[in-house]
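*Asks:* Let's see this in three dimensions:
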Amino acid sequence: MLKIRQSIRDAMIRLAIAESPMEACGYLAGIDGEARLLIPMTNVDQSPEHFSFAPEEQFNALKQARNAGLRLIAVFHSHPSTPARMSAEDIRLAHDPDMIYIIVSLMDAEPVIRGFRMEQKQPVEVMLEITEDG
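*Replies:* Below you'll find the predicted structure:
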């Protein structure tokens with residue numbers, strides 16, 4: 001399970017809407033199974049179907065998390081017009097078994113957020129608990 005503060009959930013949705021029709025992306029940093037910091041990243045692919053991070057931004061995100069006493073615990077990206085499930089490309093590019101992969105789908109009237117962990121090269125859904133800020 002991953003706990004996500006309401007303000008972070010809301011910020012991911014705002015970012016996904018703002019970047020649409022391109023995929024938005026970023027990291028969540030946290031500790032003890034709780035996301036405490038959203039780190040938006042630039043989708044250097046500028047694509048509605050996939051995303052890539054700039055290596056320099058990845059390094060800066062790692063540094064920002066460490067400076068806050070946190071670690072990078074999740075990668076998030078949006079699916080502007082497809083469901084909140086890992087695509088074949090998402091699965092192919094998900095190499096870190098310790099990372100949670102969060103997808104924000106804007107396909108329906110209400111955004112849907114789901115999380116996954118890779119186990120033996122297959123996505124397994126992770127329960128996301130939205131918590132109050134504070």
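*Asks:* how far away is Ala35 from Phe116?
*Replies:* When C-beta to C-beta, to the nearest Å is applied, the distance between Ala35 and Phe116 equals 15 Å. No exception for glycine: its C-beta is placed from N, CA and C like everyone else's.
*Asks:* Can you pick out the residue with more neighbours from those two?
*Replies:* Legend: neighbour count by other C-beta atoms under 10 Å for Ala35 and Phe116, higher for Ala35 (26 against 22).
*Asks:* Against which helices or strands is the lowest-mean-pLDDT helix or strand in the chain packed?
*Replies:* Sorted by mean pLDDT, DSSP states H and E, the helices and strands of the chain end with helix 88-93, the least confident at a mean of 90. For helix 88-93, the contact count by 3 or more C-beta pairs under 8 Å, 6 or more residues apart in numbering; DSSP states H and E identifies strand 122-126 as packing neighbours.
*Asks:* re earlier: what's the first helix or strand after the least confident helix or strand of the chain?
*Replies:* strand 100-105 (DSSP states H and E).
*Asks:* and that next one, which strands flank it?
*Replies:* The strands that strand 100-105 pairs with in its sheet are strand 71-79 (parallel), strand 112-119 (antiparallel) (by DSSP bridges).
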